[in-house]
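A.B. asks: Sharing a model prediction with you, sequence too.
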Amino acid sequence: MRGFIKNKKVIVITLIIAVILGLGFYPIINKKIKGYNSNNVSSNTLKIYMYNNDPYLRTAIDEFKSKYPNIRVDEVNFTDLQQYKEKLSTQVMGGEGPDVVLFDDYIIDSISKVLKNGVFEDMNPFIQKDKTFKKEDYNAQIMKCGVYKDKLNFVPVSYKVPLFISTQEILKNNSIRCENGYTTKQFMDNILQHASSINGKEEKYIFSDSIPLSDFIISSGLNFVDYENKKTNFNNEDVAKMINTYKVLSKYFADDKIKQKYVDGVYGMIKDGSTIFLNDNMLEEPVNVMETYSVIKQAMNQEEVMCPFPTYNGGGKITAIADECMAINKNSKNKEMAYNFIKCAISEKVQASKCMRYIPVNNNAVKDILDECKEKFEGQETEINNQKVIMHLPKNLENNYKSLISNINRCEFIDLEIEALTERALDGYFKDKSSYENSIKEAEEKVKLYLNE
């Protein structure tokens with residue numbers, strides 16, 4: 001009898017253990033059955049891809065590690081740019097890749113497809129619950145660049161503004177006005193008055209370089225494409241006028257063969273009087289602005305003028321173009337830490353470290369760099385284009401720099417795929433080999449097909 005009770009106890013205990021084990025494994029089995037995604041499990045590792053030990057990313061990683069020592073950063077460095085581009089693009093679009101995605105318009109050249117496929121995590125919820133995040137520390141117009149369908153898909157960590165650079169003396173001697181607030185029509189009419197005096201003259205140009213069509217249209221305040229609604233604006237009357245304006249102005253772009261004749265490149269062209277504007281420049285971080293001024297001052301003893309691209313309706317509002325951007329991979333295992341990394345990357349400390357290619361999105365970092373630039377380089381000798389140059393940044397140019405930034409009212413990320421499709425379609429029109437109507441029809445068909453793929 002006692003043996004029977006003992007056996008019953010063993011059976012009951014065994015059944016209880018089996019039930020407990022079954023219940024314990026059920027969620028795991030059930031999650032697998034329902035397509036459970038292991039990427040949703042939190043991890044103490046943050047994976048980041050970088051190209052050529054990017055100094056900006058390196059600074060951000062070091063700052064992140066100091067703040068979050070318990071999080072391991074898995075760094076994957078690529079030395080081949082094309083391999084980096086292909087690997088990152090393929091994996092991100094395929095639901096894989098790093099937790100934090102650093103990219104520009106070359107690395108992700110089809111931003112419309114990336115946004116349409118929802119591969120980036122919305123950062124708004126993280127910002128909203130982060131009581132230490134101060135929106136006023138960042139350029140609000142630049143931050144809006146990453147918004148698509150009311151979601152903050154990415155954050156531009158730096159940006160640029162297309163510019164024309166000349167001197168007060170050159171503009172005055174050629175009766176050309178270069179003002180913030182000029183309409184495109186006013187600018188073109190002014191340019192064409194001068195153009196009549198150089199028509200037929202060899203090696204006389206108005207612009208030292210060609211202007212990308214997308215930069216010209218976007219800077220005017222217009223757009224070729226409405227990404228969210230998958231619509232093109234090629235038949236829009238205003239856009240048509242801008243394309244025609246571009247065609248007229250393009251006759252006065254200097255080609256590369258001309259620049260190669262000058263030892264100092266475009267600086268040699270403007271010194272020699274072969275061009276009115278240097279337009280291979282962007283509004284950059286202060287050190288580069290200081291360098292450009294100093295080279296022109298030493299070579300010509302003239303005062304530099306920075307002119308933003310004219311806008312279609314005037315008003316002085318400026319469009320910036322996103323440079324490097326950061327996003328959280330939708331399939332990240334640690335989205336919270338990915339957000340914290342991006343927050344470190346756009347902090348004043350990291351962005352003021354002078355590792356940026358263009359202007360930092362952090363307002364305080366811009367001020368810090370400007371102050372340090374004046375303190376460290378003013379009056380110092382440096383070597384630029386194999387020449388010894390004394391660095392200067394006069395107050396009026398400093399104020400011009402600040403004014404251009406404060407007048408930014410929107411930011412765009414250029415889709416290079418759409419840019420290429422548009423330029424190829426319009427090439428025949430620009431070379432007088434095709435009618436405007438036929439070229440626009442081709443552009444619209446190709447871009448619409450691309451948007452709906």
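C.D. replies: Received the coordinates, thanks. Model, not experiment: these values are computed from the prediction.
A.B. asks: Let me see the backbone angles for I321.
C.D. replies: Phi and psi for I321, reported as degrees, to the nearest 10, are phi -120, psi 130.
A.B. asks: The one 4 residues further on too?
C.D. replies: Backbone torsions for C325, taken as degrees, to the nearest 10, come to phi -130, psi 160.
A.B. asks: For it, give the beta-bridge partners.
C.D. replies: C325 has these beta-bridge partners by DSSP bridges: F103, P156.
A.B. asks: hang on, isn't it packed against V100?
C.D. replies: No - using Cβ atoms under 8 Å, C325 is not in contact with V100, being 10.9 Å away. In this view, the C-beta of every residue, glycine as well, is placed from N, C-alpha and C.
A.B. asks: Strands of the stretch 351-453 of the chain, start to end?
C.D. replies: Remark: strands assigned in the stretch 351-453 of the chain by DSSP state E, counting those that start in this stretch are 359-360, 381-384, 387-390, 408-412.
A.B. asks: and the last one, what other elements does it pack with?
C.D. replies: I take that to be strand 408-412. Where contact means 3 or more Cβ pairs under 8 Å, 6 or more residues apart in numbering; DSSP states H and E, strand 408-412 is packed against helix 140-143, strand 318-322.
A.B. asks: Contacts for the shortest one, please.
C.D. replies: Residues from elsewhere that reach helix 140-143, judged by Cβ atoms under 8 Å, 6 or more residues apart in numbering: 135, 152, 155-156, 159, 320, 322, 361, 408-411.
A.B. asks: buried stuff in it?
C.D. replies: 141-143 (16 or more other Cβ atoms under 10 Å).
A.B. asks: same thing with stretch 365-378?
C.D. replies: 365-366, 368-370, 373-374, 377.
A.B. asks: still on that earlier bit, which among the helices and strands packed on strand 408-412 is found nearest to D255?
C.D. replies: strand 318-322 (23.5 Å; Cβ to Cβ).
A.B. asks: Strand partners (parallel or antiparallel) of that closest one?
C.D. replies: When DSSP bridges is applied, strand 318-322 pairs with strand 158-167 (antiparallel), strand 408-412 (parallel).
A.B. asks: What residues sit buried inside the last one?
C.D. replies: It refers to strand 408-412. Here strand 408-412 shows 408-409, 411-412 as buried, counting by 16+ other Cβ under 10 Å.
A.B. asks: picking up where we left off before, nearest to K113 among the helices and strands packed on strand 408-412 would be which one?
C.D. replies: That would be strand 318-322 among the helices and strands packed on strand 408-412, by Cβ to Cβ, at 16.6 Å.
A.B. asks: Just the CA atoms of that closest one, as PDB, please.
C.D. replies: Taking Å, rounded to 0.1, in the frame of the first residue of the first chain, the C-alpha atoms of strand 318-322 are listed here in PDB:
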ATOM      1  CA  ILE A 318      16.700  79.500 -48.000                       C
ATOM      2  CA  THR A 319      16.500  75.800 -48.700                       C
ATOM      3  CA  ALA A 320      19.300  73.600 -47.200                       C
ATOM      4  CA  ILE A 321      20.300  70.200 -48.500                       C
ATOM      5  CA  ALA A 322      20.800  67.300 -46.000                       C
END
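A.B. asks: follow-up on the earlier one: would you reformat the buried residues of helix 140-143 as a markdown table and include pLDDT?
C.D. replies: Listed next are those as a markdown table, based on pLDDT from 0 to 100:
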| residue | pLDDT |
| --- | --- |
| Q141 | 96 |
| I142 | 97 |
| M143 | 97 |
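A.B. asks: Run the chain-centre distance for stretch 351-370.
C.D. replies: Averaging C-alpha positions (Cα atoms, centre = their mean, to the nearest Å) puts stretch 351-370 15 Å from its chain's average.
A.B. asks: follow-up on the earlier one: in helices only, show me the buried residues of stretch 365-378.
C.D. replies: 365-366, 368-370, 373-374, 377 (DSSP state H).
A.B. asks: follow-up on the earlier one: for the helices and strands packed on strand 408-412, give me a markdown table that also has distance to D432.
C.D. replies: Shown next, in a markdown table, are the helices and strands packed on strand 408-412 (distance: least, Cβ to Cβ, whole Å):
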| stretch | distance to D432 |
| --- | --- |
| helix 140-143 | 39 |
| strand 318-322 | 29 |
